[in-house]
Structures are given as C-alpha cells and as structure tokens.
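Enquirer: Sequence plus the predicted model coming up.
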Amino acid sequence: MNHTPRTRTVVSCTLLVIALGAGGTACSGGGNPLTAKPYDATDQLSFTGPAAEGKKADPDKPLEVTAEDGRITDVTAVDATGRYLTGELSADGSRWHSTSPLAADARYTVRVSTEDGDGAPGRKVLTFVTSKPTTKKRLQVSLGPDSGMYGVGQPVTAKLDKPVSDRAQRALVERSLRVDSVPAVQGAWHWVDDKELHYRPKDYWPAHATVQVHSDLDGVKIGDRLWGAKSKPLKLTIGDSVIAVTDASAHSMTVYKNGEEINQIPVTTGKPGFETRNGVKVVLGKEYYVRMRSSTVGIAEGSSDSYDLPVYYATRVTWSGEYVHAAPWSTGSQGYANVSHGCTGMSTSNAEWFFNHVETGDVVKVVNSQGNTMEPFGNGFGDWNLAWQKWRSGSALVADTPDGPSPSERARLRPESL
C-alpha cells in the first residue's frame, strides 16, 4: 500500500527559504521506512529574499536552516572549490547554523537531510551564489618554502602582508591554512608574530613523506573590511632523514641517514667568546664558495680576531653567518680543540663529503657547547628548540594549558592539527 507522509518538514534559510518535504515512502507489510528513497521536494521549493530576486546572497550573513516540522538530521554546505562550511546542529534537530564565514563571490551547494514524525527520510539540494566583497582590502598569504625536495627538519611558513593580532581572526586564518601529509603526522601552526606563522610536526617529518599546503582564505571575511585573497599552494617532497649531531666538547660530528650512522667527522667549533650555538638548526642552503670577513659580524679589522678568507663547501645554518665548512687552516685542531669564530670547521675533503650529502631542510644539531641555544625564530629555523607543548601554545586554536585544547576547541581542530 502506498501512502504519503503525514507531515512535511519545512526547511528555511536566512539566505534562501525552502519548503522541503520530509520524505514520501513506499512500504508494504513490515518494511522499514528508513530504507525508502527520500522524498523529492522539488515541487515544494520556494525562495524569498535576494535569491528569489535573482540577486547574490550577502556573505556577511550566516547560513541558517530550520525545520518547522520533523527534524534535520544532516546539513553539508560546500563551495565550488571544495571548501566545507562548518556548522552546528541543535540537539533536537530543529536548527542548523554555520559557524565559519561564507566565502564571497562563491557558489555553494547545500544538502539537507530530514526525518518526519514517522522516521521517513527527506532530502533537498540547493545552490546559491554569494556576492563579491564591497572592499578591495585583501590579506595575502605567501606560503613557503618553494615547492621542491627538502629534509625532515624543514618547517612550513605562512607570511601575511597585513598584521593579524586579534585571536579570533588568527584562529580563522589558521583554520584556513591546510597542511596535509602522507603519511599523516601530528602537527600545529605557531604564530611567530602578527605577520608570520610556522607549521611543524611534533617530531621531524617522516622520510619520503609528501606534504601539501594550501590556503582556503580566498573570499573569506577575516575582519572589518578585510578579506582573504588567493594564495599559491605548495608541495614539499621530503627526502631521506639526514641528521648531523656535533658534540662540541668531543670535537666530533656524527652523521645519521635514516637512523643509521654513515660518518663521523673530526671538527672544531667556536672558541671561548665565540661559542657555537647549541640546539637544532636546519640547513638553509649550500654555497660552494663564500668570502668570509670578520667585519660582517662586528669584529674590527686589524684586531687579533679579524679575518678575510675564501671558504669552500659552505653549508649555511643561520642567517647571521654560521656555517659548516672547509677549514684547512685549522686541521691540526680538528678533533682536539675549538678554535673557530662560531662555525663548525672540518677538512676540505670532509666538508666536500658533508656538502654533497645534505640538502636544504636537513638537521644540524649541536650539543655540549658553552654557547647559547639557537633562537627559535629570526636567524634561520630554530623551531625545533621549542618543546612540543610550548610550540602548540603558539596556536590560536589551542588553549595555553598543559592539557592542550579544550573539548570545544578539539572538536573544531582538523585531525592533522592535533
């Protein structure tokens, strides 16, 4: 016997208003109405407001869906680029509302599922287009580094062309910056300052991982008269795990590849007054030849510590001029004493070997030096010198507590950000 539902579920939106059938069923005997094909409510569709007049919807207004009869069971809203609009459904299923801003100048598809009083399913799919923002002020995000091959220590960077200091706005920006890796890792963004964020995993990237980064900020309202702009995505391919550990007190560097020791090199590090920084540094680049002059680091010309030397096989680890490089003038001290002005020196043949076996993003760690610890930011990538809990506290999505995010924050976080 065929029958129609005794009630209809009416779904209305602040942008669009829909009269939505809760679902007709065809059943016989003891059939389960929940397995029936959802009722097609096309004939009940009606519009009011801007959409009915053929105008574009205002992206400043949230999307709301309400059920006058029955209840809403699910709502998904996604734009043409694949960005999902997050939302919350009331416990009784009477109302769903968006919790993230709509993008401007975007086309959305909304799928609403309902149930009537008999449990019969209803479904409606609708589309709408949002208007362009009224302001030309845009927030541009530059993702880095450039796409390519990197070592396991390479952080991801996001540089903003305008400052963002408000925590809620920071959270919106952060949620829109997507980092997806295969294999998946536990990672988080950290705000360096109002115009820069870094992303790193809890531990180094897995060897041979693939990391893809993109921004979903395009067309999203961030603040009063400020909207997100398009950003160029990037893809990082992680190479072998290459980690060099220099023991300054033992005057030795041990190089590991994928967990296996592959070389041990006698070295010299910074002498008293010029001690090499302790901690983790990341290879910034390699230069076959560098002219090193003491005047560039504040040492007066003509003093006992001044120098002006051609240096070969120079692997840079700080922007201020710390390298791992060939130092043929100090081979007698390598393995025995620290006599450099802060760099890690080794024989020319060892420096050439090191130069040929490391790449940008590989890890150089110094231990047992009498120097300070590498600063986290501003002089290269010292990101790994922050403990994981401290790193996560720099996220606008994570509460600054030993236990990490609150339950509500945890629910909003993407899996790769926990």
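Expert: Looks like it came in fine.
Enquirer: export stretch 164-182 as PDB, just CAs?
Expert: These are the backbone C-alpha positions of stretch 164-182, laid out as PDB (Å, rounded to 0.1, in the frame of the first residue of the first chain):
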ATOM      1  CA  VAL A 164      46.600  40.000  12.300                       C
ATOM      2  CA  SER A 165      46.600  40.300  16.100                       C
ATOM      3  CA  ASP A 166      43.100  39.500  17.200                       C
ATOM      4  CA  ARG A 167      42.900  35.900  18.500                       C
ATOM      5  CA  ALA A 168      39.600  35.100  16.800                       C
ATOM      6  CA  GLN A 169      40.900  36.400  13.500                       C
ATOM      7  CA  ARG A 170      44.100  34.500  14.000                       C
ATOM      8  CA  ALA A 171      42.000  31.300  14.600                       C
ATOM      9  CA  LEU A 172      40.100  31.900  11.400                       C
ATOM     10  CA  VAL A 173      43.300  32.400   9.400                       C
ATOM     11  CA  GLU A 174      44.900  29.300  11.000                       C
ATOM     12  CA  ARG A 175      41.900  27.100  10.300                       C
ATOM     13  CA  SER A 176      42.100  28.100   6.600                       C
ATOM     14  CA  LEU A 177      45.700  27.100   6.200                       C
ATOM     15  CA  ARG A 178      45.700  23.400   5.300                       C
ATOM     16  CA  VAL A 179      48.700  21.100   5.700                       C
ATOM     17  CA  ASP A 180      48.200  17.500   4.600                       C
ATOM     18  CA  SER A 181      50.900  15.000   4.700                       C
ATOM     19  CA  VAL A 182      51.300  11.400   3.600                       C
END
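Enquirer: neighbouring contacts of it?
Expert: Identification of contacts with stretch 164-182 by C-beta atoms under 8 Å, 6 or more residues apart in numbering yields 100-101, 139, 141, 143, 156, 158, 160, 187, 189, 191, 194-195, 197, 199, 201, 205-206, 209-217, 220, 222-223, 228, 395-397, 412, 414, 416-417. The C-beta positions use only the backbone N, C-alpha and C, and glycine is treated the same way.
Enquirer: average pLDDT across that stretch?
Expert: The average of the pLDDT scores along stretch 164-182 is 96.
Enquirer: which of the residues in that stretch are buried?
Expert: For stretch 164-182, a neighbour-count test (16 or more other C-beta atoms under 10 Å) marks 164, 169-179, 181 as buried.
Enquirer: do the same with stretch 120-134
Expert: Residues of stretch 120-134 classed as buried: 120-124, 126, 128-130, 133 (neighbour count, 16+ other C-beta under 10 Å).
Enquirer: Ok, stretch 64-76 next?
Expert: For stretch 64-76, burial by neighbour count (16+ other C-beta under 10 Å) applies to 65-67, 69-73, 75.
Enquirer: and the closest residue to residue 132 other than its chain neighbours, how far is that from residue 178?
Expert: Nearest-residue entry for residue 132: residue 105, 4.5 Å, with adjacent residues in sequence omitted and distances by C-beta to C-beta, 6 or more residues apart in numbering. With distances defined as C-beta to C-beta, to the nearest Å, the gap from residue 105 to residue 178 amounts to 20 Å.
Enquirer: Repeat that for residue 215.
Expert: In this structure, residue 215 and residue 178 are separated by 7 Å, where distance is defined by C-beta to C-beta.
Enquirer: still on that earlier bit, so the residue nearest to residue 132 is in which element?
Expert: Under DSSP states H and E, no helix or strand contains residue 105.
Enquirer: likewise the one 4 residues further on?
Expert: Secondary-structure element containing residue 109, defined by DSSP H and E: strand 107-115.
Enquirer: tilt between the helix or strand following that strand and strand 107-115?
Expert: For strand 107-115, the succeeding helix or strand toward the C-terminus, using DSSP H and E, is strand 121-129. Following axes from the mean of the first three to the mean of the last three C-alpha atoms, to 10 degrees, one obtains 160 degrees for the angle between strand 121-129 and strand 107-115.
Enquirer: What's the mean pLDDT across the following helix or strand past strand 121-129?
Expert: With elements assigned by DSSP H and E, the helix or strand that comes after strand 121-129 is strand 138-139. Per-residue pLDDT over strand 138-139 has a mean of 92.
Enquirer: How about stretch 79-93?
Expert: Throughout stretch 79-93, pLDDT has a mean value of 86.
Enquirer: Now the phi/psi pair for the residue nearest to residue 132, please.
Expert: Backbone dihedrals for residue 105, given as degrees, to the nearest 10, come out at phi 50, psi 50.
Enquirer: what pairs with the strand holding residue 109, and is each one parallel or antiparallel?
Expert: Next to strand 107-115 in the sheet, as set by DSSP bridges, lie strand 71-79 (antiparallel), strand 121-129 (antiparallel).
Enquirer: Buried ones in stretch 233-240, by neighbour count?
Expert: Buried residues in stretch 233-240, defined by neighbour count with 16+ other C-beta under 10 Å: 234, 236, 238-239.
Enquirer: what comes into contact with it?
Expert: Counting by C-beta under 8 Å, 6+ apart, the neighbours of stretch 233-240 from elsewhere in the structure are 143-152, 154, 156, 205-215, 257-258, 359, 361.
Enquirer: again, but for stretch 244-258
Expert: For stretch 244-258, using C-beta under 8 Å, 6+ apart, the contacting residues are 207, 240-243, 261-270, 275-276, 278, 324, 334-338, 344, 346, 354, 357-358, 362-371.
Enquirer: And stretch 70-86, by the same measure?
Expert: Residues outside stretch 70-86 that contact it (C-beta under 8 Å, 6+ apart): 7-9, 11, 22, 63, 65-66, 87, 89, 92-96, 98-100, 102-103, 106-117, 121-122, 216, 218, 412.
Enquirer: what pairs with the closest residue to residue 220 other than its chain neighbours across the strands?
Expert: The shortest distance from residue 220 to any non-neighbouring residue, by C-beta to C-beta, 6+ apart, is to residue 228 (4.4 Å). Taking DSSP bridges, one finds residue 139 as the beta-bridge partners of residue 228.
Enquirer: Residue 217 is in contact with residue 228, correct?
Expert: Yes: in terms of C-beta atoms under 8 Å, residue 228 counts as a neighbour of residue 217; the distance is 2.9 Å.
Enquirer: any common contacting residues for the two?
Expert: For the pair residue 228 and residue 217, residues contacting each of them under the criterion C-beta under 8 Å, 6+ apart are 139, 141, 173, 176.
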